[in-house]
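Engineer: Quick one: sequence plus predicted model below, questions after.
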Amino acid sequence: MKIGMFDSGIGGLNVLKEFINKYPNNHYYYYGDTLNVPYGDKDKDTLLEFSSRIVNFFEEIKVDLIIIACGTVSSTCLNELRNITTIPILDIISPTINYLKKINLEKIVVLGTNRTINSHIFKNSLNNLVEVATPEFVPMLENNSIDTDIIKKYVVEFKNYDAIVLGCTHYPLLILELKKYVSSNTIMIDMGKVIVDSMNISSKDTYNLDLYFTKIDDNLRKNIEKIIKSTYKIHLV
Ligand code: DGL
C-alpha cells in the first residue's frame, strides 16, 4: 500500500514511526512542510493553502491513503481536504477522541497548538477535559532547544491529572520531560499510537520510505535520525 502522511515538520514522524513498527511492509511517503513550520499560529486560509498543496502532491504520487499526521490541520481543514480528492483521508484527532470516550478517565488535559485548542475540537466531544495551548513547544522541538522552565510552567498544575493528551504530534518528543513534573500515575496519550492501534491495514508491500521536506538543514537531519530508525531516502521538494 502507498501511504502518504504529512505535518508541518518533524511531528508527524512520531506518527510515521508507529506505523512503520506495526505495518512495516508499505511504501510510506512523508511530507514535512519545514519551510512553513509552525502551523499552529497560522490562520485557516493559510493552512488550507499549504495542506491542499500537499494533498495535490500525494495525488501525483497516487497514494492509496493520506494520513494527516498533524493535529492543527486535522482540527481545521479535514472536511475541505476531503472535498478536493478522492483519496481517503484520515485525521489524527478522531481516533484519540474515540479512545478517550472509551477509557472514561476523570481528569484529562489536552495540550496542543493555538489553532487546535481554539478549535475546541476535543471539548466539543468530551466535556470533562481542560484544553491548554502550548505554542512554544513546536519551535523548541524544531530548533532542538528545549527550555525545561517553559514545559514545567504549563504542566505542573496538572500534576495529579489522570491523563495528558499530546494533542500535537510533535509532543511525544517531550514525554520524558513532561513526566518529570507530573505524578507517576498520569498517563501520556500519544495520538500516533492511538491511531495505529485503531487501524487494521494490509501490509504486504515492500518497505520503502521517502521523506520530502520543503527545507532541509542539519537540525532537521539530526531530528530525523533521532526518530526514524529504519532506512529512508530524503528529498527536497
Ligand atoms: N505537529 C503539528 C500538530 O500536531 C503542527 C504543529 C505546528 O506546526 O505548530 O499540531
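Structural biologist: In hand now; what should we look at? Numbers count the residues shown, from 1 in each chain.
Engineer: Could you pull up the contacting residues of Val110?
Structural biologist: Ile117, Phe122, Leu129, Val130, Glu131, Val132, Ile164, Val165, Gly167 (CB atoms under 8 Å, 6 or more residues apart in numbering). The way it works is simple: take the backbone N, C-alpha and C, and place the C-beta from them, glycine included.
Engineer: Surely Asn185 and Ala163 touch.
Structural biologist: No. In this structure, Asn185 is not within contact of Ala163 by CB atoms under 8 Å, at 9.7 Å.
Engineer: So between those two, which is more surrounded?
Structural biologist: More crowded of Asn185 and Ala163, by other CB atoms under 10 Å: Ala163, with 21 against 9.
Engineer: Now do the phi/psi pair for the more buried one.
Structural biologist: Note on Ala163: its backbone torsions stand at phi -150, psi 150 [degrees, to the nearest 10].
Engineer: Could you tell me which residues within the host helix or strand of Leu47 count as buried?
Structural biologist: Assigned by DSSP states H and E, Leu47 belongs to helix 44-61. The neighbour-count criterion (16 or more other CB atoms under 10 Å) identifies Leu47, Leu48, Phe50, Ser51, Ser52, Ile54, Val55, Phe57, Phe58 as the buried residues of helix 44-61.
Engineer: just stretch 110-128 next, same as before
Structural biologist: Of the residues in stretch 110-128, Val110, Leu111, Gly112, Thr113, Asn114, Arg115, Thr116, Ile117, Ser119, Ile121, Phe122 count as buried by neighbour count, 16+ other CB under 10 Å.
Engineer: just stretch 68-83 next, same as before
Structural biologist: 68-78, 81-82.
Engineer: do you know how far Val37 is from Thr214?
Structural biologist: Distance, Val37 to Thr214, by CB to CB, to the nearest Å: 9 Å.
Engineer: Likewise for Val63?
Structural biologist: 18 Å.
Engineer: Can you pick out the residue with more neighbours from these two?
Structural biologist: The neighbour comparison of Val63 against Thr214 (other CB under 10 Å) goes to Val63, with 22 against 18.
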